[in-house]
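J.: could you look at this predicted model? Sequence included:
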Amino acid sequence: MFGCPFKAPAVISLSFGKREVPSMRFDQIEGLSFSSYRFSTDATETFTVWPFKSFSQIVFVLRGKIDFSFPIIGARTAKTGEWFALSINNQQMTGTFSGDVELAVIECSSEIWQGLANEKDTFSHTRRACLGCSQRTETIFLKSQMDSSVTGLAKDLASAQGNNPSELLLIQAKTLELLSLVSRASPLDHTPQKDPCSRKDDHNSIAAAANYLEDNLAADHSLAGLSRQVSLNEFKLKKGFRDRFGVTVFGYLRQKRMEHARELLKTRDSTVLEVANTVGYSNPSHFTRAFRGAFGINPKVFISDSRR
């Protein structure tokens, strides 16, 4: 029997200044949640948000106005009909609100947000990826107007109750759809102007990643594992390999495996199977196909020609 993989909603309380605001929070797939907030006040209230390093927030202002004050980048405002994406990593932020306020909030992990970065999109690339970068030290703030599709989804989610599995599935689907729409939008306001993720030692990290791959040709590699190995996020890792070597991470690994395999076949009395295993191929037919694609010759024929 089909079981809903999503958690039942949790009632949480969030501090806004002196006020504790109850909220319905829907934790969905790992690294993704949705919550909504409604409250009123007769006077302007100030609240403080402490750094959140591992995720970004996308906030949809369905009613009201929020004024923010950030270190370095200064004041920003978000009002009814606007959404903003925010990641403040290592800096404290203060904000004020007044009157009736209604917010819909998506929280997503750096991995999810990086996966949405469109490498061909001009806005994209830097700002969206940097929202999910754990190595960044500066505040990222993006803001745009909500169109009818975004507004409708945000309102539907803000009123959702999640009373049964089918409704929880619908909440998940709408959250993902809303996140997808936001990831493709062009911001009206974004800061800073330069890539805040750029670090002088990124080139060293790319070199370290390349050396690690060459030293471990037989290992079963993954982007996530390599990213952790050299302390560089996956987006910058992929971009760095393309910029520096002109190929993808795994394209680079394949090149080095084939170069090493050619040397082994040329200089050692090894079988094709032995060489294939040495450079990380457990299936000899896959190795043969890769070798022929790299050098235009079958490895057995190469051995015969090289050892005459």
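T.: Yep, it's here.

J.: let me see the contact set for residue 174.
T.: Shown in contact with residue 174 (C-beta atoms under 8 Å, 6 or more residues apart in numbering): 153, 156-157, 160. Just so you know, the C-beta spots here come from the backbone N, C-alpha and C atoms, and that holds for glycine as well.

J.: which parts of the stretch 151-300 of the chain are strands?
T.: 189-191 (DSSP state E, counting those that start in this stretch).

J.: I figured residue 223 was touching residue 238, is that so?
T.: Yes - using C-beta atoms under 8 Å, residue 223 and residue 238 qualify as a contacting pair, with a distance of 7.2 Å.

J.: mutual contacts of these two, please.
T.: residue 249.

J.: count the residues that sit near residue 65.
T.: Around residue 65 there are 16 other residues, counting by other C-beta atoms under 10 Å.

J.: domain map for this structure?
T.: 10-191, 199-308 (automatic domain parsing).

J.: just put these in CSV and tack on mean pLDDT.
T.: Formatted as CSV, the domains of the chain follow (pLDDT from 0 to 100):
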stretch, mean pLDDT
domain 10-191, 73
domain 199-308, 88
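
J.: any idea how far residue 81 is from the closest residue to residue 298 other than its chain neighbours?
T.: Closest residue in space to residue 298, ignoring its immediate chain neighbours: residue 292 at 5.7 Å, by C-beta to C-beta, 6 or more residues apart in numbering. Distance, residue 292 to residue 81, by C-beta to C-beta, to the nearest Å: 59 Å.

J.: same deal with residue 264?
T.: Distance from residue 264 to residue 81, by C-beta to C-beta: 64 Å.

J.: nearest spatial neighbour of residue 30, chain-adjacent residues omitted?
T.: residue 109 (7.5 Å).

J.: also residue 255?
T.: With sequence-adjacent residues excluded and distances taken as C-beta to C-beta, 6+ apart, residue 255 is closest to residue 247, at 6.8 Å.

J.: quick check: that neighbour touching residue 256?
T.: No - applying C-beta under 8 Å, one finds residue 247 not in contact with residue 256, separated by 10.4 Å.

J.: what about those two, which has more around it?
T.: residue 256 (17 against 13).

J.: which of the three states applies to residue 23?
T.: strand (DSSP: H, G, I helix; E, B strand; the rest coil).

J.: dig out what it forms beta bridges with.
T.: residue 12 (DSSP bridges).

J.: how far away is residue 87 from residue 26?
T.: 21 Å.

J.: give me the more crowded residue out of those two.
T.: Per other C-beta under 10 Å, whichever of residue 87 and residue 26 has more neighbours is residue 87, with 26 against 22.

J.: ok, the more buried one touching residue 57?
T.: Yes - using C-beta under 8 Å, residue 87 is in contact with residue 57, at 7.3 Å.

J.: out of the contacts of residue 174, who's nearest residue 206?
T.: residue 153 (38.7 Å; C-beta to C-beta).

J.: so who does the closest residue to that closest one other than its chain neighbours touch?
T.: Spatial nearest neighbour of residue 153, excluding adjacent residues (C-beta to C-beta, 6+ apart): residue 178 at 4.5 Å. Neighbouring residues of residue 178 by C-beta under 8 Å, 6+ apart: 60, 106, 150, 153-154, 157.

J.: all helices for the stretch 201-308 of the chain, in order.
T.: With helices called from DSSP state H, counting those that start in this stretch, the stretch 201-308 of the chain shows them at 202-215, 223-230, 234-245, 249-267, 272-278, 284-295, 299-306.
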